[in-house]
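Asks: turn this into a model:
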Amino acid sequence: MALSYPIEEQSSWQSLPDLELYMDQVLTLLARELESFSAEDDKSLTSNMINNYVKDGVLPRPEKKKYNREHFSRLIMLCQLKNVLTIPEVDTLLQSLQANGSARECFDRFMELRASAFASLQEELSLPEDADSHTQMDIALQLAIKANLYRWAAANLIAEEAKRQKALQLDAEKQSALEKEQAKLEKKEKKEKEKKGKTSKKNSSSQGEEE
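Replies: Residues are numbered from 1 along each chain as shown. Coordinates of the predicted model:
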C-alpha cells in the first residue's frame, strides 16, 4: 500500500498567481488548490471566513478588495492547518514561521515541511499490496491516535511559544515604562536645576542692587 502525493506538483511561491484577485477568484483558485485535501462535502473556505480572518488580524487587509500572493499563500496554509489547530494557534505558528523572513520564505518553508511530512507518511504506509483489511484498519486506527497526539503536542509547543512572546512583550513594556520614568525624572531634575539657577541669579542681582 502506498499513497501518491495529493497534488500533481508541489506548490511554490512562484506557482502562485502573480495578480491581484477579487474574493470570488480567490475562492475558486483555493478550491482547486485544496481539492485533494478536502472531503466532498467540506467547505474549506468561504468569503465570511476570509472576512473574519481579516477582522481578527490573521490575514492582512486587502487593498481595494483585492488579494495578492501574500494573502493567497497565507490562506493555503490556514486552510491546511485549521482542521488540526485553532485559528489563534495557526496564527501564532505562522507568525513564528515568518518572524525572520518574508512571506515568500514563510510559504516555501511551509511547503518544504509539508513535503517532508508526507514523505515520512509514505514510508510508514509502505505495505505489501496484499495487506489484508485487518492490517489496514489497524494502521488507520494507529494513524488516528497519532493524529490526536500530534495535535496535542503541536498545541503545547505553540502555547509555549505564545508564553515566550508574551514574556518578551511584557519585558519590552517594562523597559519602555522604565525609560519613560527615567526621562520624566531627568526632565524634572533639569527643571529644578534651571529654577535654582534662576533663583540664584535673581538673588545675586538683588544683592548687587542693595550694595
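
Asks: pLDDT on stretch 140-150, on average?
Replies: For stretch 140-150, the mean pLDDT works out to 91.

Asks: got the contact list for it?
Replies: Outside stretch 140-150, the residues that touch it by C-beta atoms under 8 Å, 6 or more residues apart in numbering are Val84. The way it works is simple: take the backbone N, C-alpha and C, and place the C-beta from them, glycine included.

Asks: what's the neighbour count on Gly57?
Replies: Residues lying near Gly57 (other C-beta atoms under 10 Å) number 9.

Asks: just for this protein, where's the confidence low?
Replies: Within the chain, the stretches with pLDDT under 70 are 1-10, 36-44, 198, 200-211.

Asks: for it, give the helix that spans the most residues.
Replies: With DSSP state H applied, the helix covering the greatest number of residues in the chain is identified as helix 133-210.

Asks: run the chain-centre distance for that one.
Replies: Relative to its parent chain, helix 133-210 has a centroid offset of 20 Å by C-alpha atoms, centre = their mean, to the nearest Å.

Asks: go on, stretch 111-126?
Replies: The mean C-alpha position of stretch 111-126 is separated from the chain mean by 23 Å, C-alpha atoms, centre = their mean.

Asks: can you point out the buried residues in that stretch?
Replies: Buried positions in stretch 111-126, judged by neighbour count with 16 or more other C-beta atoms under 10 Å: Met111, Arg114.

Asks: what do you get for stretch 18-38?
Replies: For stretch 18-38, the buried set under the neighbour-count rule, 16+ other C-beta under 10 Å, comprises Leu21, Val26, Leu27, Leu29, Leu30, Glu33, Leu34, Ser38.

Asks: how near is the residue nearest to the second one when sequence neighbours are not counted to Tyr22?
Replies: Just to be clear, that refers to Val26. Here the nearest residue to Val26 in space, its sequence neighbours aside, is Tyr67; by C-beta to C-beta, 6 or more residues apart in numbering that works out to 5.0 Å. Using C-beta to C-beta, to the nearest Å, Tyr67 is found at 8 Å from Tyr22.
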